[in-house]
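In: Generate a structure from the sequence data that follows.
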Amino acid sequence: MIRENLELIRAEIPSGVTLVAVSKTKPAHMLQEAYDAGQRIFGENKVQELVDKFGELPEDIEWHMIGHLQSNKVKYIAPFVSLIHAVDSLKLLREINKQAKKNDRIINCLLQFHIAEEESKFGLSFDDGREILESNEFVEMENVSVVGVMGMATFTSDQEQVRDEFRTLENYFNVLKSHYFKFNDSFEHISMGMSGDYKLAIEEGSNMVRIGSSIFGSR
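Out: I've put the predicted structure just below:
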């Protein structure tokens, strides 16, 4: 089933859109099945699970940390993580920079913005994001690279609301690109859209979708 699901999704998403297979809570053998079907990018939302699977599965997998990340856990994933999606504070960015330096790496990150109505979701306000990017401390960080933005829409059946929230994130991306990353080609990712709303997200400018249940089945 996993191979068929992946083929269906790949047929639906345009070229230029990166598929992150959200493998949280799934056993390693299911990830291996997706890997055997050609999937190389996997997203986890718990540090311990990410570390365990990194140790078990093929070395050429690109691991994305997509969940809320606590500063004290960064050190465990700093040696190998490819992209951290949910950077929502200067404090976290500071720790990622510190741990990346220890590992002689530059770690790619996305700034997570709060675009949903739900208070329970994490993320920066637009002003918070600008404040980080304009801070001297950020400018001097040599071991992190902010390569785009991430956001999660409200969990609702109101498609227009979801579309509107996705538009907000794309707008944030465009403003940040023109103001802070105009000559930086690596600032290119808009990570938005999951199993239930990825088609809508792509219509509104997403070029990275995080899909779990549509690949692996519901938890």
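In: For the spatially most central residue of the chain, list the residues it contacts.
Out: Nearest to the mean C-alpha position of the chain, by CA atoms, centre = their mean, lies His85 at 3.2 Å. Applying CB atoms under 8 Å, 6 or more residues apart in numbering to His85 gives the contacts Gly43, His64, Met65, Ile66, Cys109, Leu110, Gln112, Met150, Ser191, Arg210. Every C-beta, even on glycine, is put in place using the N, C-alpha and C of the backbone.
In: what about it, which SS state?
Out: The three-state label given to His85 by DSSP: H, G, I helix; E, B strand; the rest coil is strand.
In: Run through who's touching the longest helix along the chain.
Out: Counting residues, the longest helix found in the chain (DSSP state H) is helix 159-180. Residues outside helix 159-180 that contact it (CB under 8 Å, 6+ apart): 111, 113, 115-117, 126, 129-130, 133, 148-149, 151, 153-154, 156, 187, 190, 192-193, 197, 200-201, 203-206.
In: Local confidence estimate at Phe166?
Out: Looking at Phe166, its pLDDT stands at 98.
In: From His179, how far off is it?
Out: 21 Å (CB to CB, to the nearest Å).
In: Look at the two and report which has more neighbours.
Out: Phe166 (24 against 11; other CB atoms under 10 Å).
In: which residue packs closest to the more buried one, ignoring adjacent ones?
Out: Glu204 (3.9 Å; CB to CB, 6 or more residues apart in numbering).
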